[in-house]
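**Q** With the sequence up front, the predicted model follows.
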Amino acid sequence: MPLLALLLDAAAFGLYRLQPTGGPATLFGLIGQGALALILLIMTFGYKGKRLGWFNFDTWTHNFTLRYALIVLSLIGNAILLFLYYLSYSGANNLLFQG
């Protein structure tokens, strides 16, 4: 699953590179990024491997395992990118596609 999350990140980068430079985000990009973020959300909650690593007695917390952390960080990054796609599509802010 972590390898699949990295492949989905590469697909999100490819989807971004297909968008027109300097133009508004297309509906195709918004839908594609939404689908990738949804797949990563399902992967985050459906992960069957070990989620928590060793216990840190200094901070009294558990740390994520590296495999689960890759999936969670991929989800967070793609969710932020989906939000930026929405802002660009709605015309509120075109930070994502500045030329």
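**A** Yep, that arrived. Remember, it's a predicted structure, so these values are computed and weren't measured experimentally.
**Q** Validate this expectation: Leu96 resides in a helix.
**A** No. Applying DSSP: H, G, I helix; E, B strand; the rest coil, one finds Leu96 to be coil, outside a helix.
**Q** From what I see, it and Tyr86 are in contact.
**A** No. Using CB atoms under 8 Å, Leu96 is not in contact with Tyr86, being 9.7 Å away. In short, each C-beta sits where N, CA and C put it, glycine included.
**Q** helix or strand right after the worst-scoring helix or strand of the chain on mean pLDDT?
**A** Lowest mean confidence among the helices and strands of the chain (mean pLDDT, DSSP states H and E): strand 52-56, at a mean of 72. Downstream of strand 52-56, the first helix or strand assigned by DSSP states H and E is strand 61-64.
**Q** In the top helix by length along the chain, which residues are buried?
**A** Identified as the longest helix of the chain according to DSSP state H is helix 66-90. For helix 66-90, burial by neighbour count (16 or more other CB atoms under 10 Å) applies to 68, 70-72, 74-75, 78-79, 81-82, 84-86, 88-89.
**Q** go on, stretch 2-20?
**A** Neighbour-count burial for stretch 2-20 flags Pro2, Ala5, Leu8, Asp9, Ala11, Ala12, Leu15, Tyr16, Gln19 (criterion: 16+ other CB under 10 Å).
**Q** Excluding chain neighbours, give the residue nearest to the fourth one in space.
**A** When you say that, I think you mean Asp9. Ser74 (5.4 Å; CB to CB, 6 or more residues apart in numbering).
**Q** Let me know whether the one you found touches Ala10 as I believe.
**A** No. Assessed by CB under 8 Å, Ser74 is found out of contact with Ala10, at 10.4 Å.
**Q** related to what we said a few turns ago, among the buried residues of stretch 2-20, which are in helices?
**A** Pro2, Ala5, Leu8, Asp9, Ala11, Ala12, Leu15, Tyr16.
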